[in-house]
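Visitor: whatever this is, show me its structure:
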Amino acid sequence: KTHLLPKTITDVNGLKREMTETEKEIAWMKFWNDTVKKWYEQDKITEEDMYRLSYGGKEGLKEKADNYLALDQSLTTIKQPDFASGEIANEELQQRLFNFVSEMFMDLDDTPEWEKIRIHSEITPCNDEVVIYPWQDFDGGKDFEGILAVHNGKTMLSEQIGIFPDEWDNFIARLKAEGKYSAAEIAELEALRNPANDAKKPNITDPDLIFQVRLWVSYRHQPLVRTIRGMMYNYDMYNFYARVNFPTPESLGVSSEEDYDKKIEEKVNEKFEYIVGHQPFGDYIGKPANSPEYSKVLDIVKILEMYSGTRTLKIAYIDQNNGVANMITLDDFVRNNDGSYKLDGNGKLIINNATKKFINLETHRSFYAQGKPVNQNNIMKFSKGEDTGFKDMNQDDDYEQTPMQIGLSSRFDEDQDLIIIGYPERIATDRATAVGTTHAFADRTFVTITQRTLNWQGIRFHYGHPDLIDTVALRNIGIIEPPLVNEDIEGAYKATLY
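Guide: The predicted structure is shown next:
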């Protein structure tokens, strides 16, 4: 509450005032409950665990509609999280919780009030990697990208169930609790828990259930959708902070709850954006509607729909035919009057050319140097952030970690010579194989004690991701160098010399 909450907020009269101790307590309880709910949505804990670990238990907090930092109950009557009557069984979540609690004892940077929060952009370059793992392979099983493709007697789905059995059980329980799917199709999925069914392909026809299973597998490997989910937790965090800083409709000069939500979204859009640079998107939209490439276009649209409540998620790409760089959001796909997508004569989605963002790159085609830094440079043409977080395709983020970034980026304002802030990466697929576990341990050592030692000696430089970089300096001195394989190291040389 000392470091992760702002010192002042905007009152009903539009003037600043200090947060009360009660408001701090309520803000903390809401953040904690949001965190626990996301653990449940990630299938790390059961529904029973979610209620046990939340403030207010199953009944939740009795919130007031007209004040985010007020409750219709006394704080003394609120059920506290119960850690005593049961353990957190999931190993990954145990480690995440240990990290979070230990960070609370660190000398954290204070979170500034809303007006002083820096504008932040997250960017992720992507080329031909998997967007969401498909249900079946398009090439008859040669690439083993379909989650039902059989390799060494197992499907990818059954392999992931074997690695994450508790999370599969929680997933099945969550599907049952939602009550949207047939018992017969859920039973097909339950049967996969039996190792004898490692090569079994479940008989499922519900397209939404198929999509949920594809997401479950994808969130445990490293396709684009996992990275996007992790980065969009930052949107949730900014939304939380906006409501803490402006807890009432009157604080934003409106009177209705609907107008208040719109104003909050505007506030979030002012401070945060996430741009995915999907390098071949411009080529894929020209492919036949039944092609593997066009299926990735449809998956990208599905991801945009998953975050349809915000326009902070954007897709940047280069048209390979004319060298023009474009950026689109969900709004740029043409719709019919009933809200469905309008299709052209070939059964493909239509992008409204009038809302594309054009920057002429006739002399800068995307493959004139190393693909990743070229893609990053293209994304930066659209970035509005005062600082930029560089996240690779195989990265993830945890909601409980997102508040640290706002205070951390404020260091750029405190030190005008600061260009790069190191941020340790966590290998998210460390349980995939024994080799992956070994490499993840070695990498964790490198990004913690090794990098801290290098930084103490003044030679840490830049690891490339997921560091924060001052955007003005990045543009002024050209930190991202496309011709170089080690563009991150070379960029750090330039930053140091600068």
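Visitor: if I pick the closest residue to I350 other than its chain neighbours, what's in contact with it?
Guide: Once flanking residues are discounted, I350 sits nearest to V334: 4.2 Å by C-beta to C-beta, 6 or more residues apart in numbering. Backbone N, C-alpha and C define where each C-beta goes, glycine included. Residues counted as contacts of V334 (C-beta atoms under 8 Å, 6 or more residues apart in numbering) are 341-342, 349-352.
Visitor: switch these over to TSV; also include neighbour count.
Guide: Putting these into TSV (neighbours: other C-beta atoms under 10 Å) gives the following:
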residue	neighbour count
Y341	14
K342	12
L349	18
I350	14
I351	16
N352	13
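Visitor: out of the residues you listed, what pair is the most spread apart?
Guide: Distance extremes for the contacts of V334: the farthest pair is Y341 and N352 at 11.6 Å, using C-beta to C-beta.
Visitor: what's the overlap in contacts for those two?
Guide: With C-beta under 8 Å, 6+ apart, Y341 and N352 have common neighbours 333-334.
Visitor: A440: which of the contacts of V334 is nearest?
Guide: For the contacts of V334, the nearest to A440 is L349 (38.3 Å; C-beta to C-beta).
Visitor: for the closest one, what are phi and psi?
Guide: Per-residue torsions, L349: phi -70, psi 150 (degrees, to the nearest 10).
Visitor: out of the contacts of V334, flag the one nearest to L15.
Guide: Once C-beta to C-beta is applied, the member of the contacts of V334 that ends up nearest L15 is N352, at 42.2 Å.
Visitor: list the residues that contact the closest residue to G282 other than its chain neighbours.
Guide: Closest residue to G282 apart from its sequence neighbours, by C-beta to C-beta, 6+ apart: D319 at 4.1 Å. D319 makes contacts with 282, 325-326, as judged by C-beta under 8 Å, 6+ apart.
Visitor: still on that earlier bit, how much space between the residue nearest to I350 and D417?
Guide: Counting by C-beta to C-beta, to the nearest Å, the gap from V334 to D417 is 48 Å.
Visitor: before we move on, what about V12?
Guide: If you go by C-beta to C-beta, the gap between V12 and D417 works out to 41 Å.
Visitor: these two - which one has more neighbours?
Guide: Shown here are V12 and D417; by other C-beta atoms under 10 Å, V12 has more neighbours (13 against 9).
Visitor: and the helix or strand encompassing V301, what's buried?
Guide: According to DSSP states H and E, V301 maps onto helix 292-306. For helix 292-306, a neighbour-count test (16 or more other C-beta atoms under 10 Å) marks 293-297, 299-301, 303-304, 306 as buried.
Visitor: how about the helices in the stretch 51-200 of the chain?
Guide: Secondary structure of the stretch 51-200 of the chain by DSSP state H, counting those that start in this stretch: the helices cover 91-103, 156-163, 165-178, 183-190.
Visitor: out of the ones you listed, which comes closest to F412?
Guide: Of all the helices of the stretch 51-200 of the chain, the one in closest proximity to F412, counting by C-beta to C-beta, is helix 91-103 (20.4 Å).
Visitor: contacts for that closest one?
Guide: Outside of helix 91-103, the residues within contact range by C-beta under 8 Å, 6+ apart are 39, 44-45, 88, 398, 400-401, 404, 431.
Visitor: how many residues are close by Y181?
Guide: Per other C-beta under 10 Å, the neighbour tally for Y181 reads 16.
Visitor: about what we covered before: only the buried subset of the contacts of helix 91-103, as a PyMOL command please.
Guide: To isolate in PyMOL the members of those that are buried, counting by 16+ other C-beta under 10 Å, one can use:
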select buried, resi 39+44+45+88+398+400+401+404+431
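Visitor: for the contacts of helix 91-103, which two are the farthest from each other?
Guide: Maximum distance among these (C-beta to C-beta): 24.2 Å, for M404 and R431.
Visitor: for T155, name its beta-bridge partners.
Guide: Applying DSSP bridges to T155 gives these bridge partners: V150.
Visitor: test my guess that it contacts I147.
Guide: Yes - using C-beta atoms under 8 Å, T155 and I147 qualify as a contacting pair, with a distance of 6.5 Å.
Visitor: show me the shaky parts of the protein.
Guide: Where the chain drops to pLDDT under 70, the residues are 139-144, 320, 354-370, 463-464, 481-487.
Visitor: about what we covered before: out of the helices of the stretch 51-200 of the chain, which is the most enclosed?
Guide: Of all those, helix 156-163 has the most neighbours on average by mean count of other C-beta atoms under 10 Å, namely a mean of 21.
Visitor: show me the contact partners of it.
Guide: Residues contacting helix 156-163 (C-beta under 8 Å, 6+ apart): 133, 144, 146-149, 154, 168, 192-193, 195, 197-200, 213, 216-217, 220-221, 431-432.
Visitor: for the stretch 301-450 of the chain, what spans make up the strands?
Guide: Counting by DSSP state E, counting those that start in this stretch, residue ranges of the strands within the stretch 301-450 of the chain are 313-318, 324-328, 359-360, 387-390, 420-421.
Visitor: which of those strands has the highest mean neighbour count?
Guide: Most buried of these by mean neighbour count (mean count of other C-beta under 10 Å) is strand 387-390; its value is a mean of 26.
Visitor: on contacts alone, who are the packing partners of it?
Guide: Contacts defined by 3 or more C-beta pairs under 8 Å, 6 or more residues apart in numbering; DSSP states H and E place strand 387-390 against strand 120-126, strand 468-470, helix 471-477.
Visitor: give me the nearest residue to P223, chain neighbours excluded.
Guide: Nearest residue to P223, sequence neighbours excluded (C-beta to C-beta, 6+ apart): V130, at 4.0 Å.
Visitor: wait, the one you found touches R226, no?
Guide: No - using C-beta under 8 Å, V130 makes no contact with R226, being 9.9 Å away.
Visitor: compare these two (neighbour count), which wins?
Guide: Ranked by neighbour count (other C-beta under 10 Å), V130 and R226 place R226 first, with 23 against 19.
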